[in-house]
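Visitor: turn this into a structure:
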Amino acid sequence: MTANGSLRTEPWKRAVERVPRHEFMRGGFFRPVAGAVPSAWSPVLEDGDGWLEGCYQDQSLVTQIAGTVVPTDIRGEIMRQPTSSSTLPSLVLRMLEELEAEPESTVLEIGTGTGYSTAVLCARLGDGQVTSIEYDEDVASRARTALARVGRYPTLISGDGLLGYPEGAPYDRVIATCGVRTIPPDWIEQTRPGGLILATVGGWLGSSELARLTVHEDGTASGPLLGGGASFMLARPQLPPPLGLLPDLSAGKEREAAIGADVLSNWTSRFVVQSAAPRAQRLTLQQDGHVEDVLIDVESGSWAALYEVNDRWVVRQDGPEALWDAVEDRLSRWRTDGAPALEKFTVHVSPQGQVIRW
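Guide: Numbering: from 1, shown residues only. All right, here's what the predicted structure looks like:
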């Protein structure tokens, strides 16, 4: 981590050296099965082949699948979605350094996970300065055991991290190790004016970025996106709703699209699309002999389907909101302004809501 630049300062380096990551992986982790479609996972158990080496590689390690399944629960493979992990250590340390916390700072961590990042915070700031909240009670219990094993006893809470923990407020710093669509107002209310909130802001199209916000005296917060393409699992209360029964995607008005669905394959342009259609989810379907990219807003019932024919893009959309019209408008303005990188974006949060600008 020192060599690749993610660990830059001596105090945090000393903190990392005092925290053995393998102690937080005693229950094992899941390894992706190479070439599996759809994605499959196989367990790597303590003292098994590759366990210790995996603990000390700079990679995220999946520790729970489908909300309840842990590595010791299965033999063979499982084809479900990961729901908890030990985050890429270099990202953890980059975030902790970006948090600009000092030994006297009080920190609220949203998402305890395995407890590894919590332990690093404790090693740098002291156990009494750290409060960590975990949504999943089973995950929280395992983290509590691991932290005790390495002699760390911060304040650990089981509950909805989006609500924060007012009993310990105000905090000098709030850091989230889960992604959010919008910065919760409770985090702002529980942060001291002048304090910082560091969280990954993203959405249901899968593009996200670290934001560092300063809390102001008037109860608002604002700050830049930091760049680098950080990605976390979304906080469970902010996960997308089930798609349910799809609308008739052969209906709707069709026109030639000024911008095609290929913008969804680029991280930055997809972030812009996401800001124009914040409640949209994406799926890919076979329709009339061609592949269509579909954006659908379950709440409003609006949808847009795009396909390419003869080197041109066609969009068909329906519902109360013309989703792709909004996307084309936002992307056109972004391109007119020189297609700025995400580091040029800022986030503003007030009682009226969250606004992202470049």
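
Visitor: low-confidence ranges, the chain, go.
Guide: For the chain, no stretch has pLDDT under 70.

Visitor: what about the helices in it?
Guide: Taking DSSP state H, the helices of the chain run over residues 10-17, 51-55, 89-98, 116-125, 137-149, 185-189, 267-276, 323-336.

Visitor: can you give me the strands for the stretch 201-350 of the chain?
Guide: Ranges of strands in the stretch 201-350 of the chain, per DSSP state E, counting those that start in this stretch, are 209-215, 221-224, 253-256, 281-287, 290-296, 303-309, 312-318, 346-350.

Visitor: looking at the ones you listed, which is nearest to residue 69?
Guide: Residue 69 lies closest to strand 281-287 among these, at 24.1 Å (Cβ to Cβ). Where you see a C-beta, it was placed from the backbone N, CA and C, and this is true even at glycine.

Visitor: re earlier: tell me which of the strands of the stretch 201-350 of the chain is the most buried.
Guide: Highest mean neighbour count among the strands of the stretch 201-350 of the chain (mean count of other Cβ atoms under 10 Å): strand 209-215, with a mean of 23.

Visitor: that one - contacts with which helices or strands?
Guide: helix 89-98, strand 191-201, strand 221-224, strand 346-350 (3 or more Cβ pairs under 8 Å, 6 or more residues apart in numbering; DSSP states H and E).

Visitor: and that strand, how far from the chain's centre?
Guide: 13 Å (Cα atoms, centre = their mean, to the nearest Å).

Visitor: okay, the angle between that strand and strand 346-350?
Guide: With axes from the mean of the first three to the mean of the last three Cα atoms, to 10 degrees as the basis, strand 209-215 and strand 346-350 are set at 50 degrees to each other.

Visitor: columns distance to residue 239 on top of the helices of the chain, output as JSON lines?
Guide: Compiled in JSON lines, the helices of the chain are given as follows (distance: least, Cβ to Cβ, whole Å):
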{"stretch": "helix 10-17", "distance to residue 239": "31"}
{"stretch": "helix 51-55", "distance to residue 239": "27"}
{"stretch": "helix 89-98", "distance to residue 239": "21"}
{"stretch": "helix 116-125", "distance to residue 239": "22"}
{"stretch": "helix 137-149", "distance to residue 239": "16"}
{"stretch": "helix 185-189", "distance to residue 239": "19"}
{"stretch": "helix 267-276", "distance to residue 239": "15"}
{"stretch": "helix 323-336", "distance to residue 239": "20"}
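
Visitor: looking at those, spot the one closest to residue 104.
Guide: When the helices of the chain are compared by Cβ to Cβ, helix 116-125 sits nearest residue 104, at 8.1 Å.

Visitor: what packs against the closest one?
Guide: Applying 3+ Cβ pairs under 8 Å, 6+ apart, one finds that helix 116-125 contacts helix 10-17, helix 89-98, strand 107-110, strand 130-134, helix 137-149.

Visitor: tell me the buried residues in it?
Guide: Neighbour-count burial for helix 116-125 flags 116-125 (criterion: 16 or more other Cβ atoms under 10 Å).

Visitor: quick check: which of the helices and strands packed on helix 116-125 is nearest to residue 333?
Guide: Of all the helices and strands packed on helix 116-125, helix 89-98 comes closest under Cβ to Cβ, at 28.8 Å.

Visitor: return the most buried member of the helices of the chain.
Guide: Here the criterion is mean neighbour count by mean count of other Cβ under 10 Å, and of the helices of the chain the winner is helix 116-125, at a mean of 26.

Visitor: contacts only, for residue 318.
Guide: Residue 318 makes contact with 247, 251-253, 302-303, according to Cβ atoms under 8 Å, 6 or more residues apart in numbering.

Visitor: now do residue 355
Guide: By Cβ under 8 Å, 6+ apart, the contact list for residue 355 reads 347-349.

Visitor: ok, so of those, who is nearest residue 210?
Guide: Ranked by distance to residue 210 (Cβ to Cβ), the contacts of residue 355 are led by residue 347 at 10.4 Å.

Visitor: so what's that closest one closest to, chain neighbours aside?
Guide: The shortest distance from residue 347 to any residue other than its chain neighbours is 4.7 Å, reached at residue 211 (Cβ to Cβ, 6 or more residues apart in numbering).

Visitor: neighbours of residue 194, how many?
Guide: By the criterion of other Cβ atoms under 10 Å, residue 194 has 10 neighbours.

Visitor: does it really touch residue 214, like I thought?
Guide: Yes - in terms of Cβ atoms under 8 Å, residue 194 counts as a neighbour of residue 214; the distance is 6.9 Å.

Visitor: and the end-to-end length of stretch 95-114?
Guide: 17 Å (Cα to Cα, to the nearest Å).

Visitor: starting at the chain centroid, how far to it?
Guide: Put simply, stretch 95-114 sits 16 Å off its chain's centre (Cα atoms, centre = their mean).

Visitor: in that stretch, what counts as buried?
Guide: The neighbour-count check on stretch 95-114 (16+ other Cβ under 10 Å) flags 95-96, 98-99, 101, 105-114 as buried.
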